[in-house]
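[1] Model the structure of this input:
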Amino acid sequence: MPTTRILAVLGTAFFVVVLDSTIVYVALPSIADDLAFASGDVQWVLSAYLVTFGGLLLFGGRVADLLGRRRVFLVGIAIFTAASLVCGSASAPAVLVGARVLQGVGAAIMAPTALSLVLTTFEPGPERNRALGIWGGIGGVGGTAGLLLGGPITQLWGWQWIFLVNLPVGVVLLVASRRLLPKDTERPAGPRSFDLTGAATVTASLVLLVLAITEASWPALVAAALLMAVFVVVERRTVAPLVPWRVVRSRRLVAGNVLLLVAGMCVDGVLLVLALGAHASGTSPVQFGLTTAAMTVASVAGSFAGQAVVTRAGVRTVAVAGTALLAVGSVALTALPLGVGLVVFGAGLGAAFVSAQIAAVSGVADDDAGLAAGIADTSFAIGGALGVAVLSTVGDTRTALVVAAGVAAVGVVVGTVLRADRSTVSAAAS
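    Next comes the predicted model:
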């Protein structure tokens, strides 16, 4: 099986999903002027995507387990590509926001399905760890690329092209996926019934949770909590639950997802407060994007180094070291030159992310790979929303960075809960 080419296809899909969450930032003023958005409403071009994406990740991953990963992945690409065309052709605010919702649906299907395909393509141990290290690097590059490319594309060709550039990529992905990805032949064992009630309640709960965080809405938060309680009751009573207890009772999986939440809070929250500080000081978006490239390079290096150490020594060592570097980097950003702080922060981010992701998805049966991937992606997405909401409201930039260091310190404590996976370590030795 051409695993390298498969990883390239899946990684490209993940890159595009991450890119579209950041490339819109710089284009928002142009979009607001061109489509005559009401004051403050243009933020929904960003929020519509993030809320839908964060709320549907778990559902998208589980659907892939039940209906076939290749089939669901192709549907996700088709939805995302079609929505990108509508976004680039929109002539009214409602059309653009609606298309961004649809784009978020496609992305929420693509991301966990692509990750689950990585898990089922690569054997546990060094091979899978290397693939997940590359996966983490792709995420870092995609986020920075969005910040770097959004400005030039908007200035040269107009804001429409930040969406239209997805069209050729989507077509290539559809063709390559049909050729390279193995066909869905095996069916999960057990009942084939789909837990519609559980899917509806957990999806609505997660959508409302992300909405509550991004919009600071207490009613949405209360509704999200109530729906999550209903979901737990439904899952305990149904014959074929959407989230089987065997998946979520693993201490390793829970700790890995908490670490992903911490990493998401740190990276999105810190980047936001740094971006706001750069804007206040007169730094252009392109200049800021170039500066954050130092963090991206360090993050990629941290991901590759982290997966190698995980293979030899287990996830706990890398998780503790990575979150400790996140804390040190956050503090360094308050006193040292920006580039220095970003390098330390980026190295910690890469190591923390890859160790957390390995912990969150290892030991899960292939039949549950999509679910595990969906939970992991959801944890990181909700962490990012929390980081933006918390760090943007705690005070000045220095205070926000200190709070980020505190969040990372929580990650250090959580990392100590993890144990080395002896099977992974022995696989490296063999």
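[2] average pLDDT for the helix or strand where Y49 lies?
    Under the criterion of DSSP states H and E, Y49 resides in helix 44-67. Computed over helix 44-67, the mean pLDDT rounds to 83.
[3] what's that helix packed up against?
    helix 3-22, helix 24-35, helix 69-89, helix 93-121, helix 196-215, helix 369-391 (3 or more CB pairs under 8 Å, 6 or more residues apart in numbering; DSSP states H and E). For glycine as for every other residue, the C-beta is placed from the backbone atoms N, C-alpha and C.
[4] Specify the stretch among those helices that is closest to Y49.
    helix 93-121 (4.4 Å; CB to CB).
[5] circling back to that earlier point, so the helix holding Y49 versus helix 196-215, what angle?
    Interaxial angle, helix 44-67 versus helix 196-215 (axes from the mean of the first three to the mean of the last three CA atoms, to 10 degrees): 160 degrees.
[6] Dump the C-alpha coordinates for helix 44-67 into PDB.
    Extracted C-alpha coordinates of helix 44-67, given in PDB (Å, rounded to 0.1, in the frame of the first residue of the first chain):
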ATOM      1  CA  TRP A  44     -19.800  35.600  11.800                       C
ATOM      2  CA  VAL A  45     -17.800  34.900   8.700                       C
ATOM      3  CA  LEU A  46     -15.200  33.400  11.100                       C
ATOM      4  CA  SER A  47     -17.500  32.200  13.900                       C
ATOM      5  CA  ALA A  48     -19.900  30.400  11.600                       C
ATOM      6  CA  TYR A  49     -17.100  28.100  10.400                       C
ATOM      7  CA  LEU A  50     -15.500  27.600  13.900                       C
ATOM      8  CA  VAL A  51     -18.800  26.900  15.700                       C
ATOM      9  CA  THR A  52     -20.000  24.400  13.100                       C
ATOM     10  CA  PHE A  53     -16.500  22.800  12.800                       C
ATOM     11  CA  GLY A  54     -16.000  22.400  16.500                       C
ATOM     12  CA  GLY A  55     -19.500  21.100  17.200                       C
ATOM     13  CA  LEU A  56     -19.600  18.400  14.500                       C
ATOM     14  CA  LEU A  57     -16.100  16.900  14.800                       C
ATOM     15  CA  LEU A  58     -17.200  14.000  17.100                       C
ATOM     16  CA  PHE A  59     -20.200  13.300  14.900                       C
ATOM     17  CA  GLY A  60     -18.100  13.300  11.700                       C
ATOM     18  CA  GLY A  61     -15.600  10.900  13.200                       C
ATOM     19  CA  ARG A  62     -18.200   8.400  14.400                       C
ATOM     20  CA  VAL A  63     -20.100   8.500  11.100                       C
ATOM     21  CA  ALA A  64     -16.900   7.500   9.400                       C
ATOM     22  CA  ASP A  65     -16.600   4.500  11.600                       C
ATOM     23  CA  LEU A  66     -20.100   3.400  10.900                       C
ATOM     24  CA  LEU A  67     -20.500   4.200   7.200                       C
END
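[7] Model confidence for A429, exactly?
    pLDDT, read off for A429, is 32.
[8] same thing with F353?
    For F353, the predicted pLDDT is 88.
[9] List the residues that contact it.
    G136, G139, L260, A263, S299, S303, G306, G322, F380 (CB atoms under 8 Å, 6 or more residues apart in numbering).
[10] Mind telling me the two of those residues farthest from one another?
    G306 and F380, at 15.6 Å, using CB to CB across those.
[11] Looking at these two, which one has more neighbours?
    Applying other CB atoms under 10 Å to G306 and F380 shows that G306 carries more neighbours, namely 32 against 27.
[12] So that one sits against Q357, correct?
    No. G306 is beyond contact range of Q357, at 9.9 Å (criterion: CB atoms under 8 Å).
[13] Identify the contacts common to the two.
    With CB under 8 Å, 6+ apart, G306 and Q357 have common neighbours G136.
[14] still on that earlier bit, same list, the contacts of F353, but as TSV with pLDDT, distance to E215 and secondary structure please.
    Listed next are those as TSV, based on pLDDT from 0 to 100; distance: CB to CB, whole Å; DSSP: H, G, I helix; E, B strand; the rest coil:
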residue	pLDDT	distance to E215	secondary structure
G136	80	29	helix
G139	80	25	helix
L260	91	23	helix
A263	90	23	helix
S299	88	29	helix
S303	87	32	helix
G306	86	34	helix
G322	92	31	helix
F380	86	20	helix
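[15] ok, the residues you listed vs A313, which is closest?
    G306 (10.6 Å).
[16] how about TSV for the helices and strands packed on helix 44-67, with distance to V344 added?
    Shown next, in TSV, are those (distance: least, CB to CB, whole Å):
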stretch	distance to V344
helix 3-22	22
helix 24-35	24
helix 69-89	35
helix 93-121	27
helix 196-215	27
helix 369-391	18
